[in-house]
Structure formats: C-alpha cells, structure tokens
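Visitor: Got a sequence here, can you model it:
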Amino acid sequence: VYPLSLGLQIGAGACFGAFSSVQPLLMLRAVEPAMRARALGVLAMAIGCTPFGVLLAGTLSTLVGPSATLSGMGLVALAGMSAVHLRNRALLHS
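Guide: Residues are numbered from 1 along each chain as shown. Below you'll find the predicted structure:
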C-alpha cells in the first residue's frame, strides 16, 4: 500500500534525522570541555567503521550462519567492553 509505505518512510526518516542530530549532542554534554574533540573523534571513527562491521557480519553469516555470527560478535563486544573497563577503573565508579 503506497500511502502507508510513504508515511512509514517519512516517519523513519524523521526519527533517523532526530537520532543523528542528538547523538553528538549527548556526547558533547557528557564529557568535559577539554575532552570534547576526542569524544567527537571517537564518534566519527565509530560511524566510519560501520560499513566494515556490516561487511564482516555478512561474510561471517554466510560462512558460519547467522546465529553463530550474532553470538560471536556479541562475545567480542562483551570482551572489548570488559577490557575497556578493566583498563580504566574510573569507569567502574561512575
């Protein structure tokens, strides 16, 4: 149904636009003024790495299946977050 599809596309576009404008604002307000450039650099790097992550997920999904891919990527993310927390003890107390 074309009118429904068009309305959903407009709604999804508005939500994506709102998210895209609020994401850096949240980072700017959460960090000290001296660290804002670094925080936005990390955000830009994370956004720039997204296509590689999608390509990796698609390749792994083809090779080992979607369930194993999601489980493996979740475990890698958990290990990465744990490493960051262990390396920076200040994060544990915030």
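
Visitor: only C-alpha atoms for contact and neighbour calcs from this point on.
Guide: OK.

Visitor: where along the protein do the helices fall?
Guide: 2-30, 36-64, 66-87 (DSSP state H).

Visitor: Export those helices to JSON lines and append columns for mean pLDDT and mean neighbour count.
Guide: JSON lines is the format used below for those (pLDDT from 0 to 100; neighbours: other Cα atoms under 10 Å):
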{"stretch": "helix 2-30", "mean pLDDT": "93", "mean neighbour count": "11"}
{"stretch": "helix 36-64", "mean pLDDT": "90", "mean neighbour count": "13"}
{"stretch": "helix 66-87", "mean pLDDT": "92", "mean neighbour count": "13"}
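
Visitor: Quick check: residue 57 vs residue 48, distance?
Guide: 16 Å (Cα to Cα, to the nearest Å).

Visitor: next one: residue 25
Guide: Residue 25 is 18 Å from residue 48, by Cα to Cα.

Visitor: list the contacts for residue 60?
Guide: If you count contacts by Cα atoms under 8 Å, 6 or more residues apart in numbering, residue 60 has them with 66, 69.

Visitor: Could you rerun that using 10 Å?
Guide: 54, 66, 68-70, 72-73 (Cα atoms under 10 Å, 6 or more residues apart in numbering).

Visitor: Can you pick out the most distant pair from these?
Guide: Using Cα to Cα, the contacts of residue 60 reach their maximum pairwise distance at 54 and 68, which is 15.2 Å.

Visitor: Now for residue 66: which residues touch it?
Guide: With contacts defined as Cα under 10 Å, 6+ apart, residue 66 is in contact with 57-60, 72.

Visitor: Kindly indicate which of those lies nearest residue 83.
Guide: residue 72 (16.5 Å).

Visitor: Now do the contacts for that closest one.
Guide: With contacts defined as Cα under 10 Å, 6+ apart, residue 72 is in contact with 57, 60, 66, 78.

Visitor: out of the residues you listed, who's nearest residue 39?
Guide: residue 78 (20.9 Å).

Visitor: What distance do you get for the closest one to residue 48?
Guide: In this view, residue 78 and residue 48 are 21 Å apart by Cα to Cα.

Visitor: now swap in residue 29 and tell me
Guide: Remark: distance between residue 29 and residue 48 (Cα to Cα) = 22 Å.
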